[in-house]
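Visitor: sharing a model that was predicted from the sequence below.
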Amino acid sequence: MNDLLSEKYHEYKKNYSNLKEWLADSAIEEFWGVGTIPAYSLEPYSSELQGNTPGKILGKKKYSPAKNRQKLFLDSNGDIIGEIRYSKFIERKNDWIVYRSFYLRSENEVIGLIFGSALENKDDAILNKIILVELDGGIIKKSYSHSYDNKKSERSYIYNDNIITNIEERVWLNKYVEHFYSIEKIEPLKIVEKVQSEVIPIYPE
């Protein structure tokens, strides 16, 4: 899978302008979110595993771009296929610095393309990360990622009655690391990491 993701990373990193056109042609509806941390993440609990609280969904009411707002795009199936995160308005350029993500969906997988910053009307963003999630009946079973700095990760999601109870993570960068997370409570959310005999709070920290 690491080799496949590396190939796809190099395939998609030059397709930013084409992806923008694809999203404009494919999206039929939009809604908004807000927060310093994005409201939506392709990988379950991705923000919380970093100790962060995701932003909030504002809904389908029409909003204007503002700092830390996100505009999300839906396809005809009601699935999220793209996102624009508004970061900062540059007066002298009369344009926003934005971060764009694209989600290419098929029956058994989703490919997430997470680009770095660029002016909203420019096409020079760098692909920061590619994510591939495997689906089984619409449920995410595994996710894989490959970043521009050659960091790779793999997550397995363990369910009980269709609710995630554990996440196993493997990371390759300068060294190989494993993490074993337990979702102890949903309301309010509580995530811990088990390291040998020690239990470390992850969310909330």
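Guide: Looks like it came in fine.

Visitor: quick one: the strands in this protein?
Guide: Along the chain, the segments classed as strands by DSSP state E run 29-34, 56-59, 69-74, 80-90, 95-105, 109-119, 127-136, 139-147, 152-160, 163-172, 176-185, 190-195, 198-203.

Visitor: flag every buried residue along the last one.
Guide: Read it as strand 198-203. Within strand 198-203, the residues that count as buried by 16 or more other CB atoms under 10 Å are 202, 203. Where C-beta positions appear, they are placed from N, C-alpha and C, glycine not excepted.

Visitor: can you redo the strands of the chain as CSV with distance to residue 19?
Guide: CSV is the format used below for these (distance: least, CB to CB, whole Å):
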stretch, distance to residue 19
strand 29-34, 16
strand 56-59, 23
strand 69-74, 12
strand 80-90, 8
strand 95-105, 5
strand 109-119, 7
strand 127-136, 10
strand 139-147, 17
strand 152-160, 22
strand 163-172, 27
strand 176-185, 31
strand 190-195, 32
strand 198-203, 32
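
Visitor: can you tell me the closest non-neighbouring residue to residue 42?
Guide: In this structure, residue 42 finds its nearest non-sequential neighbour in residue 112, 4.3 Å apart by CB to CB, 6 or more residues apart in numbering.
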